[in-house]
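# The sequence and its predicted three-dimensional model are supplied below.
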Amino acid sequence: MTTPAQHDRDQAEARVGRLKQDLRAGLATPPADVEAMDELVATAHRLLDAEVAFDEAKHRLANAELESRHAATQRAVVYYAAAPVLVPLVAAALVLFDVLSPGWLFALVPLFAAGLWIGFGPVRRVGDVIRERTRAAWAGSATAGLLVLALVPWSGLVVCTILTALGVAATCGLLWRESRIP
């Protein structure tokens, strides 16, 4: 199903094509009289107007697609932010009750802050910003999963701890890159 913006763009594109054909047909043979020349000039003006309408329709369509992606991203990042917020929060409680060492706070605090920014920070309507926020949301969720694996005593504890540290750095880096996009 086409959206109204796509329909407008398609109509404008078809009109531009028809007017270009009419203009080419009229210029194929030089006009013999003034009326034929006036008709060609009028066709050229209509072509220019149709091209402007086509450009405006393309712009409206791009804005509609960007708005759709923006709304979907804003909804999705709230869900993806749950893990990077809740897992560090629970782990910080474990630090508070001396179950974990305070050294874990170096990973927990940045991940918690990144999760808050992912979920509640404003998402600008720029394609690159939307893409970076989505990547940061995925990275934050994966890092939260790695943090859970790093907190459970098992043979892969060291690997998961290192990957958690890298994930925290990557999540924060993606959010920093997002903030640098004009």
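Yep, it's here.
# and the strand or helix carrying residue 146, what other elements does it pack with?
Per DSSP states H and E: residue 146 is located in helix 127-151. For helix 127-151, the helices and strands in contact under the criterion 3 or more C-beta pairs under 8 Å, 6 or more residues apart in numbering; DSSP states H and E are helix 34-80, helix 82-96, helix 105-120, helix 157-180. Any C-beta I mention is one placed from the backbone N, CA and C, and that applies to glycine too.
# Show me the contact partners of that helix.
The set of residues external to helix 127-151 that reach it, using C-beta atoms under 8 Å, 6 or more residues apart in numbering, is 66, 69-70, 73, 76-77, 80-81, 83-84, 86-88, 91, 94, 100, 104, 107-108, 111, 114-115, 118, 121, 123, 156-157, 160-161, 163-164, 167-168, 170-171, 174-175, 177-178, 181.
# For PyMOL, what selects the buried ones among the residues you listed?
Buried residues within these, by 16 or more other C-beta atoms under 10 Å, are selected in PyMOL with:
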select buried, resi 69+70+73+77+80+81+83+84+87+88+91+100+104+107+108+111+114+115+118+121+123+160+161+163+164+167+168+170+171+174+175+178
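# Any chance of a markdown table for the helices and strands packed on helix 127-151, columns distance to residue 150 and mean pLDDT?
Shown next, in a markdown table, are these (distance: least, C-beta to C-beta, whole Å; pLDDT from 0 to 100):
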| stretch | distance to residue 150 | mean pLDDT |
| --- | --- | --- |
| helix 34-80 | 20 | 85 |
| helix 82-96 | 9 | 95 |
| helix 105-120 | 8 | 94 |
| helix 157-180 | 4 | 94 |
